[in-house]
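**Student:** sequence first, then the predicted structure, then my questions.
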Amino acid sequence: MSPGVLEPLSAEVESRKLPITLHGHYRLQKATGGQGLLVGFHGYGETAKVHLEALKNIPGADRWTLCAVQGPHVFYRQSTGEVVASWMTKFDREQAIADNVRFVSQVVEVLREEVGRDLPLVYAGFSQGVAMAYRAAALAGHRAQGLISLAGDVPPDLEESQVRQVPAALLGRGLKDKWYDSAKLEADLQRLRSAAVPVEDCVFPGGHEWHEAFLDACGGFLSKLARPRG
């Protein structure tokens with residue numbers, strides 16, 4: 001049996017599902033008199049803590065309320081013993097997507113109650129978290145004003161009508177990134193444009209990372225969506 005392939009069930013064995021209640025984790029940094037709400041999703045094997053630090057490096061991010069949502073599936077990194085997280089695996093993928101979207105929707109609802117419903121909402125994702133950013137914009141039920149996507153592609157499970165829910169997008173790719181290559185970026189740009197989503201891209205001289213050039217592009221993108229000061 002190949003790794004990652006589920007063993008077929010015998011006639012005597014049943015596979016059943018039962019809903020349970022879990023507690024999700026997110027980290028928050030509020031901004032006094034903020035210009036917006038930025039909700040981000042980390043990459044595979046990262047944490048909300050790491051992702052929040054990345055968001056804080058965006059120029060002007062101190063004027064935004066920042067939230068980093070942690071994937072609900074935690075595990076130990078073998079090399080260090082550190083507890084890290086991911087968003088899903090192949091197992092029960094569709095159910096995991098629905099659960100994750102529901103979790104994100106609840107997080108944003110709580111935040112909007114706390115910081116105000118009139119603040120512009122922007123979703124951001126890095127690597128594996130990019131798919132969650134798109135799903136949040138399309139399915140979580142909170143109208144967003146923008147989406148930041150770094151080193152990850154538009155999830156194939158979204159239909160064109162759902163992709164149209166993305167209001168405007170900034171896509172980032174490092175020239176040395178072997179996973180999110182130029183072909184994937186081009187395919188995403190075409191898919192978004194065909195859905196009439198205003199989109200811009202930033203290709204920078206780095207790899208699979210939050211590069212300074214992309215952080216600057218994020219700062220410019222957010223400044224166009226921010227609530228005017230005063």
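**Tutor:** Noted; the coordinates are in hand.

**Student:** who's in contact with stretch 67-80?
**Tutor:** Taking CB atoms under 8 Å, 6 or more residues apart in numbering as the criterion, the residues outside stretch 67-80 that touch it are 22, 24-29, 37-42, 45, 47-49, 51-52, 55, 82-89, 96, 99-100, 103-104, 107, 111, 128-129, 132. (Glycine included, C-beta is placed from N, CA and C.)

**Student:** give me the buried subset of those residues.
**Tutor:** 24-28, 37-42, 47-48, 51-52, 55, 84-88, 96, 99-100, 103-104, 107, 111, 128-129, 132 (16 or more other CB atoms under 10 Å).

**Student:** next step: the contacts of stretch 67-80 restricted to helices.
**Tutor:** Within these, membership in helices is found for 48-49, 51-52, 55, 96, 99-100, 103-104, 107, 111, 128-129, 132, as judged by DSSP state H.

**Student:** residue 187: which of these is nearest?
**Tutor:** Of all the ones in helices among the contacts of stretch 67-80, the one sitting nearest residue 187 is residue 128; the distance, using CB to CB, is 17.7 Å.

**Student:** tell me the pLDDT at the closest one?
**Tutor:** According to the predicted model, the pLDDT of residue 128 comes to 97.

**Student:** likewise for residue 158?
**Tutor:** According to the predicted model, the pLDDT of residue 158 comes to 97.

**Student:** give me the phi and psi for the nearest residue to it once chain neighbours are set aside.
**Tutor:** Setting aside the residues directly before and after it, residue 158 is nearest to residue 138 in space (CB to CB, 6 or more residues apart in numbering), at 5.6 Å. Dihedral angles phi and psi of residue 138 (degrees, to the nearest 10) take the values phi -90, psi -30.

**Student:** also residue 176?
**Tutor:** Given degrees, to the nearest 10, the pair of backbone angles that residue 176 has is phi -100, psi 10.

**Student:** for it, which non-adjacent residue is closest in space?
**Tutor:** On the basis of CB to CB, 6+ apart, the spatially nearest residue to residue 176 that is not a chain neighbour turns out to be residue 207, at 4.1 Å.

**Student:** check contacts around the one you found.
**Tutor:** Here residue 207 is in contact with 174, 176, 177 (criterion: CB under 8 Å, 6+ apart).

**Student:** mind listing the strands for this structure?
**Tutor:** Using DSSP state E, the strands of the chain run over residues 26-29, 36-41, 64-69, 73-76, 83-86, 121-126, 146-150, 169-174, 199-204.
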